[in-house]
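> Coordinates for the following, if possible.
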Amino acid sequence: MVLGPVATSSFMGDPKRFAFSFSRYKFVNRMLETAGSVVEIGCQEGLGGMVVAHARREYLGLDFFREHIEHALAHVAPHKPNMDFRGHDILDGPVVDSRGEAFDGAFSLDVVEHISPDQEHLYYRHIAESLRPGGIAVIGTPSLESQVHASEASRIGHINCKSGPDLAETCRAYFKTVLSFGMNDEVVHTGFPAMSHYLFAVCIDPR
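Residues are numbered from 1 along each chain as shown. Below is the predicted model of the structure:
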């Protein structure tokens, strides 16, 4: 198994941050444990997706960055027959599974904070349209409050961070039920949102 440049840089630069990132995928896997087919929006090189794909009938990883997809197809997909990867920008439209059907589950970690607020409606709408009725989407993103502790490079790229209540309110426009969670390091909790470094919105049943 060959790690891609992003995963290698993360692990070599800060191994504990690498562990925090992997624990987010563990949470997603638990939330989507009944989903037979799942799509990941913003899969990078596919490494984290392996945590979720392990017990799924089908996993599709999407990323608009072609180099990420090329690495995943060359170094991840050959080891996991149920995993596939596709170059696709979710802002361009929804996706279907290999059967031409909507997915049971979707997840997207560390993506929406990079999307301009005037385009985020496309992100949420196309995720919802990629899911069957009753489907579940898990959205993960750094909190607005965490940005005072972020590096300058991160803050430049994080153009759309939200507080916990704002994230939940946004998601409710596209899903009938939204459950909110916070995360600090590898610990997921239901504590005070403003003290959460990371946020999860578990979105159930697209409108």
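> hey, which helix is longest across this protein?
Criterion DSSP state H: the longest helix present in the chain is helix 15-31.
> got the angle for the following helix or strand past it vs helix 15-31?
For helix 15-31, the following helix or strand on the C-terminal side (DSSP states H and E) is strand 37-41. Strand 37-41 and helix 15-31 are oriented at 140 degrees to each other (axes from the mean of the first three to the mean of the last three C-alpha atoms, to 10 degrees).
> Does anything pack onto strand 37-41? Which helices or strands?
For strand 37-41, the packing partners by 3 or more C-beta pairs under 8 Å, 6 or more residues apart in numbering; DSSP states H and E come out as helix 49-53, strand 58-63, strand 103-109. In this view, the C-beta of every residue, glycine as well, is placed from N, C-alpha and C.
> In the protein, what helix or strand scores lowest on average pLDDT?
Ranking every helix and strand in the chain by mean pLDDT, DSSP states H and E puts helix 152-157 at the bottom, with a mean of 81.
> That one: how far from the chain's middle?
Centroid separation between helix 152-157 and its chain, computed with C-alpha atoms, centre = their mean, to the nearest Å, is 19 Å.
> Restrict it to CA atoms and write it as CSV.
The C-alpha trace of helix 152-157 is given here as CSV (Å, rounded to 0.1, in the frame of the first residue of the first chain):
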residue,chain,number,x,y,z
GLU,A,152,-2.6,31.3,8.6
ALA,A,153,-2.6,28.9,5.7
SER,A,154,-5.7,27.1,7.0
ARG,A,155,-7.6,30.4,7.6
ILE,A,156,-6.9,31.5,4.1
GLY,A,157,-8.5,28.4,2.7
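> Check which residues of it are buried.
Residues of helix 152-157 classed as buried by neighbour count (16 or more other C-beta atoms under 10 Å): none.
> helix or strand right after that helix?
helix 164-172.
> Can you dump the C-alpha atoms of that following helix in CSV for me?
Taking Å, rounded to 0.1, in the frame of the first residue of the first chain, the C-alpha atoms of helix 164-172 are listed here in CSV:
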residue,chain,number,x,y,z
GLY,A,164,-22.7,24.5,15.3
PRO,A,165,-26.2,26.0,15.3
ASP,A,166,-25.6,27.6,11.9
LEU,A,167,-24.4,24.4,10.4
ALA,A,168,-27.5,22.5,11.6
GLU,A,169,-29.8,25.2,10.4
THR,A,170,-28.2,25.2,7.0
CYS,A,171,-28.5,21.4,6.7
ARG,A,172,-32.2,21.4,7.8
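> how near is F107 to S9?
Note on F107: its distance to S9, by C-beta to C-beta, to the nearest Å, is 23 Å.
> Which one of those two is surrounded by more residues?
Comparing F107 with S9 by neighbour count (other C-beta atoms under 10 Å), the higher total belongs to F107, at 31 against 12.
> any idea of the angle the longest strand along the chain forms with helix 164-172?
Criterion DSSP state E: the longest strand present in the chain is strand 131-142. With the same axes, to 10 degrees as the basis, strand 131-142 and helix 164-172 are set at 160 degrees to each other.
> In strand 131-142, which residues are buried?
L131, R132, G135, I136, A137, V138, I139, G140, T141, P142.
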